[in-house]
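Q: attaching a predicted model along with its sequence, questions to come.
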Amino acid sequence: MLRHLANIYRLGVKELRSVLADPVLVILLAWTFTFAIYEVAQNAKMEVANASVAIVDEDRSALSRRIQDAFLPPYFKPMVEISGTEIDRAMDSGTFIFVIEIPPRFEADLLSGQEPEVQLNIDATAMSVAGTGASYIQTIIAQETIDFMNAAGSTVQLPVDVVVRASFNPNLNSTWFMAVMQIVNNVTVLAMILTGAALIREREHGTIEHLLVMPVTPVEIMTAKVWANGLVIVAAAALSLTFVVQGLLQVPIAGSKALFVAGAVVYLFSITSLGILLATMARSMPQFGLLAIPVFVVMNLLSGSTTPQESMPEWLQTIMQASPSTHYVSFSQAVLYRGAWIDIVWPQMLTMGAIGCAFFAVALLRFRKTIISFS
């Protein structure tokens, strides 16, 4: 047993040295866990920010001017007034995301007890802003109309007084969400690439033939690649969480960073095993890249880090339970956002470990076949 552990340790040290000796990999790691996280968190906004909006004011009343003045930064750019004949051209050219059209006699019809309509035109190609922005605009118009009618002596109230309380992110700041999710996504893609590339590199450089004449087993070789490359990713993720997310971006972390690192270790066991499994299916680095990219994209988009799993079909939710990324996203959000402890997240950790064992077993079978083909 001690000899096996010693072999795993020495082979792992060799892997660490090969990673640190490769300037391209070092730069990739540094860039991915610093600049890439900062830029995505700061600039990939999911909420409404600086949305372009125009108004066609055919009423020219005090109420229409009041509505126009209610659209303020940082949610909206200064409102631009256009004519009705310019709506189609402005929307077709993408000049404005929203165009509000207030009909003639809008204020007078309201005061006389009628129910006039306001038309809102939306450029839905800007999908992430369109839905949220439409609700913002409806709320602004409704609130300004109610306040105006109450000031004019007509008592108007909404039928329901909705009180919204946002937990864990009270200002609905997308930076808090994007920063943490970017770390999760980067851990996935880099762990898969590093371990898979390590195996492909052994083939291309011919060093796998050297391993064949050494007194080491396939299990030792695979385990060394898993712990060495996993250690690099865990260290980079922990440093990024502390210095970039908490320090530079000022994102509060509700839970234990030590627990997050422990969960990342379990997750990396499964994802590095998957990386080796994919590498055994490829004959060259380009083939491995073409194979790994679609796997990562599917795991990323359907894991719950981009869209909630509840919005997906039930059959797809069931299939994605076999992906360790689904459980890692759930684990990370529970720990870092909601301050969950081990008594809550142990099922996700156990599931990630079980999936990792399955990936490791299948990868080991294929890795043994790869070694036999070289012998």
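A: Here it is on my side, so go on.
Q: which residue, other than its chain neighbours, is closest to Leu277?
A: Leaving out its chain neighbours, the residue that sits closest to Leu277 by C-beta to C-beta, 6 or more residues apart in numbering is Ala363, at 3.9 Å. Every residue, glycine included, has its C-beta placed from N, CA and C.
Q: what residues does that neighbour make contact with?
A: 222, 273-274, 276-277, 280 (C-beta atoms under 8 Å, 6 or more residues apart in numbering).
Q: where's Cys357 relative to Gly275, distance?
A: The gap separating Cys357 from Gly275 is 15 Å, by C-beta to C-beta, to the nearest Å.
Q: ok, now Val266?
A: In this view, Val266 and Gly275 are 15 Å apart by C-beta to C-beta.
Q: those two: which has the busier surroundings?
A: When Val266 and Gly275 are compared for neighbours, Gly275 comes out ahead with 31 against 22, by other C-beta atoms under 10 Å.
Q: in helices only, show me the contacts of Ala363.
A: The helices, defined by DSSP state H, take in 222, 273-274, 276-277, 280 from the contacts of Ala363.
Q: how about TSV for those, with pLDDT added?
A: Below are the ones in helices among the contacts of Ala363 laid out as TSV (pLDDT from 0 to 100):
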residue	pLDDT
Met222	87
Ser273	93
Leu274	93
Ile276	91
Leu277	91
Thr280	88
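Q: from these, which is closest to Ala54?
A: Leu274 (49.4 Å; C-beta to C-beta).
Q: how about the closest one, nearest residue that isn't a chain neighbour?
A: Phe359 (4.9 Å).
Q: tell me which helix or strand the one you found sits in.
A: Following DSSP states H and E, one finds Phe359 within helix 342-374.
Q: quick one: buried residues of that helix?
A: By neighbour count with 16 or more other C-beta atoms under 10 Å, helix 342-374 contains the buried residues 345, 348-349, 351-353, 355-356, 359-360, 363-364, 367, 370.
Q: for the residue in the chain sticking out farthest from the centre, phi and psi?
A: Ranked by distance from the centre of the chain (C-alpha atoms, centre = their mean), the top residue is Ser112, with 50.2 Å. Dihedral angles of Ser112 (phi, psi; degrees, to the nearest 10) stand at phi -90, psi 0.
Q: lowest-scoring secondary structure element of this structure by mean pLDDT?
A: helix 207-212 (a mean of 69; mean pLDDT, DSSP states H and E).
Q: for the stretch 101-250 of the chain, what spans make up the helices?
A: Here the stretch 101-250 of the chain has its helices, by DSSP state H, counting those that start in this stretch, at 106-111, 127-151, 174-205, 207-212, 218-239.
Q: where does pLDDT dip in the protein?
A: Confidence mapping of the chain against pLDDT under 70 gives the ranges 154-162, 208-209, 211-212, 371-375.
Q: which of the three states applies to His327?
A: Assigned state for His327: helix (three-state reduction, DSSP: H, G, I helix; E, B strand; the rest coil).
Q: repeat that for Pro78.
A: Pro78 - assigned by three-state DSSP - is coil.
Q: what's near enough to touch it?
A: Going by C-beta under 8 Å, 6+ apart, Pro78 touches no other residue.
Q: and it, how close does it get to Gln138?
A: From Pro78 to Gln138 the distance is 20 Å (C-beta to C-beta).
Q: what's the answer for Arg338, then?
A: 30 Å.
Q: quick one on the thing from earlier: okay, the buried residues of helix 342-374 in JSON lines with distance to Leu72 next?
A: Output for those, formatted as JSON lines (distance: C-beta to C-beta, whole Å):
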{"residue": "Val345", "distance to Leu72": "41"}
{"residue": "Gln348", "distance to Leu72": "42"}
{"residue": "Met349", "distance to Leu72": "46"}
{"residue": "Thr351", "distance to Leu72": "47"}
{"residue": "Met352", "distance to Leu72": "46"}
{"residue": "Gly353", "distance to Leu72": "51"}
{"residue": "Ile355", "distance to Leu72": "49"}
{"residue": "Gly356", "distance to Leu72": "50"}
{"residue": "Phe359", "distance to Leu72": "52"}
{"residue": "Phe360", "distance to Leu72": "55"}
{"residue": "Ala363", "distance to Leu72": "56"}
{"residue": "Leu364", "distance to Leu72": "61"}
{"residue": "Phe367", "distance to Leu72": "60"}
{"residue": "Thr370", "distance to Leu72": "62"}
